[in-house]
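Engineer: Following is a predicted model, sequence given first.
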There are 2 protein chains.
Amino acid sequence: MTPRQNRDRAERGIPEATVARLPVYLRALTGLQERGVATVSSEELAAAAGVNSAKLRKDLSHLGSYGTRGVGYEVEYLVYQISRELGLTQDWVVAIIGVGNLGRALAGYGGFASRGFRVAGLLDADESIVGQEIYGMTVAHIDRLEDVIAGHGVSIAVIATPAAAAQGVCDRVVAAGVTSVLNFAPVVLNVPAEVDVRKVDLSIELQILAFHEQRKAGGPDGLGPLDADETPPGTTQYVEAVEA
Amino acid sequence: MTPRQNRDRAERGIPEATVARLPVYLRALTGLQERGVATVSSEELAAAAGVNSAKLRKDLSHLGSYGTRGVGYEVEYLVYQISRELGLTQDWVVAIIGVGNLGRALAGYGGFASRGFRVAGLLDADESIVGQEIYGMTVAHIDRLEDVIAGHGVSIAVIATPAAAAQGVCDRVVAAGVTSVLNFAPVVLNVPAEVDVRKVDLSIELQILAFHEQRKAGGPDGLGPLDADETPPGTTQYVEAVEA
């Protein structure tokens, strides 16, 4: 185990932005692992993840992982550390509610299983979809939602219903004890404080591309750079956003 | 036009993390607009977008938008400003390559059209899918990719093919002049420097949920908080990541 370990530094104080970047590092690391790479420098890993190397080192220091000068980080061990930190070394049981095109795409999404997410239930309100066999699972009727959650120990609900149905479904999964919801429906869900909701908006990445596309074409019009007092010299006040 | 304007501050110097948050603000603002809200305080808007209000004000100052003390921001004007900044006040023509479940879900995704993204082409290599009518569009054969790009003036390509096909498709769209690629395939695409690629990994948000779910259950084990020298008092070195 090459990297210096200092587990006292890890855990409780990890900034939310670091948490959001860990899956990005993990994706880059598993790519390296698949190509048989054993060690990686912070510069290489940072480039693969699309962040700067100082931020990467800082992020990984929160896990107690510092790498070794001249060697870098041990890929396999860093994969383990990040996976452990994110809770991916245990199985998470997921139910997908709403089995339209998106729900089907999610049901067959290879990226879930490889990260420890096991889809244990597919549910829909549409009688023509209920009973269909999708990726080896039979779509259950939404009436059975509470049974499926209790029976399979579902801890994360993925809501892929139309907007109008999402809040009702959310209320039911929360009442059934689920405290993590991934929401693909184009609506803001109201949940109690102890429930985490992450909302996926598939158009956000497109909007970021549009910004850059416009920039390449010369921008909306010719506006000047920022005043110096907006960004004090030597101070980087913003970090790159994670790609999601 | 209530908000103080200072367009000289806007544009070229906008940090990438601010760019990534603008779509999140825009989503919150259009929600307010739909409910007939005319003005919003930075605190309310920040809460709706899931960031802190100081960061929101800083971000919007990059657009030359400062709000009015005691009144806040004018919702409609801010929607216009952000849309203009992101380039959403013009139409972007999009082609979706790969018309499996995910491609179909994307073709029917309401969030694209409402943001100025017009899906002008659906392409697939599978003869059983080619010719199908999906949301009023006929799926074209992948052989026609270059024709579709040139004929419709496609500026953004959305790749929703299997991993093995993605790089080949990417090379073709780049050769045809497309400089923005949204990649849903589970593979890292190699592109020339002038091409922007954003990669969507649908499992990243699940991983962030898993982190919090684990935390609620008491963490992977009992590790201490960060040392003080890791996070100097009074210094916030990280920003919230955007939800995507």
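Structural biologist: Received, thanks.
Engineer: hey, where'd the strands end up in chain A?
Structural biologist: For chain A, the strands defined by DSSP state E cover A:39-40, A:73-74, A:92-97, A:117-124, A:133-134, A:137-138, A:140-141, A:156-159, A:180-183, A:196-199.
Engineer: JSON lines please, covering the ones you listed and showing mean pLDDT, mean neighbour count and distance to chain B.
Structural biologist: Any C-beta I mention is one placed from the backbone N, CA and C, and that applies to glycine too. Shown next, in JSON lines, are those (pLDDT from 0 to 100; neighbours: other Cβ atoms under 10 Å in any protein chain shown; distance: least, Cβ to the nearest Cβ, whole Å):
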{"stretch": "strand A:39-40", "mean pLDDT": "94", "mean neighbour count": "20", "distance to chain B": "14"}
{"stretch": "strand A:73-74", "mean pLDDT": "93", "mean neighbour count": "23", "distance to chain B": "18"}
{"stretch": "strand A:92-97", "mean pLDDT": "96", "mean neighbour count": "25", "distance to chain B": "5"}
{"stretch": "strand A:117-124", "mean pLDDT": "95", "mean neighbour count": "22", "distance to chain B": "6"}
{"stretch": "strand A:133-134", "mean pLDDT": "94", "mean neighbour count": "14", "distance to chain B": "9"}
{"stretch": "strand A:137-138", "mean pLDDT": "95", "mean neighbour count": "13", "distance to chain B": "14"}
{"stretch": "strand A:140-141", "mean pLDDT": "98", "mean neighbour count": "17", "distance to chain B": "19"}
{"stretch": "strand A:156-159", "mean pLDDT": "96", "mean neighbour count": "27", "distance to chain B": "6"}
{"stretch": "strand A:180-183", "mean pLDDT": "94", "mean neighbour count": "24", "distance to chain B": "4"}
{"stretch": "strand A:196-199", "mean pLDDT": "88", "mean neighbour count": "20", "distance to chain B": "4"}
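Engineer: Also compute the angle for the longest helix belonging to chain A relative to helix B:16-34, please.
Structural biologist: Criterion DSSP state H: the longest helix present in chain A is helix A:16-34. If you take axes from the mean of the first three to the mean of the last three Cα atoms, to 10 degrees, helix A:16-34 sits at 120 degrees to helix B:16-34.
Engineer: what about dumping the CA coordinates of helix A:16-34 to CSV?
Structural biologist: In CSV, the C-alpha atoms belonging to helix A:16-34 read as follows (Å, rounded to 0.1, in the frame of the first residue of the first chain):
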residue,chain,number,x,y,z
GLU,A,16,-20.0,18.7,-0.9
ALA,A,17,-18.1,19.8,-4.1
THR,A,18,-15.5,17.2,-3.4
VAL,A,19,-18.2,14.6,-3.0
ALA,A,20,-19.6,15.6,-6.3
ARG,A,21,-16.2,15.1,-8.0
LEU,A,22,-15.4,11.7,-6.5
PRO,A,23,-17.6,9.9,-9.0
VAL,A,24,-15.8,11.7,-11.8
TYR,A,25,-12.4,10.6,-10.4
LEU,A,26,-13.7,7.1,-10.0
ARG,A,27,-14.9,7.0,-13.6
ALA,A,28,-11.4,8.1,-14.8
LEU,A,29,-9.7,5.6,-12.4
THR,A,30,-11.8,2.6,-13.5
GLY,A,31,-10.9,3.6,-17.1
LEU,A,32,-7.2,3.4,-16.2
GLN,A,33,-7.8,0.1,-14.3
GLU,A,34,-9.4,-1.4,-17.4
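Engineer: Can you spell out the domain ranges of chain A, please?
Structural biologist: Per automatic domain parsing, the structural domains of chain A span A:7-85, A:92-199.
Engineer: quick one: is the longest helix of chain A near chain B?
Structural biologist: Yes: under the criterion of Cβ under 8 Å from any Cβ of the partner chain, helix A:16-34 makes contact with chain B via A:16-24, A:26-27, A:31.
Engineer: What number of residues are in the vicinity of A:Glu44?
Structural biologist: Residues near A:Glu44, counting by other Cβ atoms under 10 Å in any protein chain shown, number 17.
Engineer: gap between it and B:Leu189?
Structural biologist: Counting by Cβ to Cβ, to the nearest Å, the separation of A:Glu44 from B:Leu189 is 18 Å.
Engineer: just for chain A, where's the confidence low?
Structural biologist: Low-confidence segments of chain A (pLDDT under 70): A:1-12, A:219-244.
Engineer: Residues in contact with stretch A:71-79: which ones?
Structural biologist: Contact partners of stretch A:71-79, identified using Cβ atoms under 8 Å, 6 or more residues apart in numbering or on different chains, comprise A:1-3, A:25-26, A:29-30, A:32-33, A:37-42, A:44-45, A:60, A:65, A:67.
Engineer: Any idea how many residues pack against the nearest residue to A:Tyr80 once chain neighbours are set aside?
Structural biologist: Excluding its sequence neighbours, the residue lying closest to A:Tyr80 (Cβ to Cβ, 6 or more residues apart in numbering or on different chains) is A:Thr89, at 7.5 Å. A:Thr89 is flanked by 14 other residues according to other Cβ under 10 Å.
Engineer: List the residues that contact the nearest residue to A:Thr18 once chain neighbours are set aside.
Structural biologist: Once flanking residues are discounted, A:Thr18 sits nearest to A:Asp59: 4.6 Å by Cβ to Cβ, 6+ apart. Shown in contact with A:Asp59 (Cβ under 8 Å, 6+ apart): A:18, A:21-22, A:25, A:51.
Engineer: which among these gets closest to chain B?
Structural biologist: A:Thr18 (6.1 Å; Cβ to the nearest Cβ).
Engineer: which stretches of chain A form helices?
Structural biologist: Taking DSSP H, the helices of chain A run over residues A:16-34, A:42-49, A:53-61, A:75-86, A:101-107, A:110-113, A:145-152, A:163-175, A:204-216.
Engineer: Counting by contacts, list what the longest one packs against.
Structural biologist: It stands for helix A:16-34. When contacts are defined as 3 or more Cβ pairs under 8 Å, 6 or more residues apart in numbering or on different chains; DSSP states H and E, helix A:16-34 packs onto helix A:42-49, helix A:53-61, helix A:75-86, helix B:204-216.
Engineer: Format those helices as a markdown table; extra columns: distance to B:Ala95.
Structural biologist: Shown next, in a markdown table, are the helices and strands packed on helix A:16-34 (distance: least, Cβ to Cβ, whole Å):
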| stretch | distance to B:Ala95 |
| --- | --- |
| helix A:42-49 | 28 |
| helix A:53-61 | 34 |
| helix A:75-86 | 35 |
| helix B:204-216 | 25 |
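Engineer: Can you say which of those helices is packed in most?
Structural biologist: Neighbour counts (mean count of other Cβ atoms under 10 Å in any protein chain shown) averaged over each of the helices and strands packed on helix A:16-34 peak at helix B:204-216, with a mean of 22.
Engineer: would you put the C-alpha positions of it in CSV?
Structural biologist: Coordinates of each C-alpha in helix B:204-216 appear next as CSV, following Å, rounded to 0.1, in the frame of the first residue of the first chain:
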residue,chain,number,x,y,z
ILE,B,204,-23.0,10.0,-10.9
GLU,B,205,-26.0,11.5,-9.1
LEU,B,206,-26.8,8.0,-7.7
GLN,B,207,-23.3,7.8,-6.3
ILE,B,208,-23.7,11.2,-4.6
LEU,B,209,-27.0,9.9,-3.1
ALA,B,210,-25.2,6.8,-1.9
PHE,B,211,-22.6,8.9,-0.1
HIS,B,212,-25.4,10.7,1.8
GLU,B,213,-27.3,7.6,2.4
GLN,B,214,-24.3,6.0,3.9
ARG,B,215,-23.6,9.1,6.0
LYS,B,216,-27.2,8.9,7.4
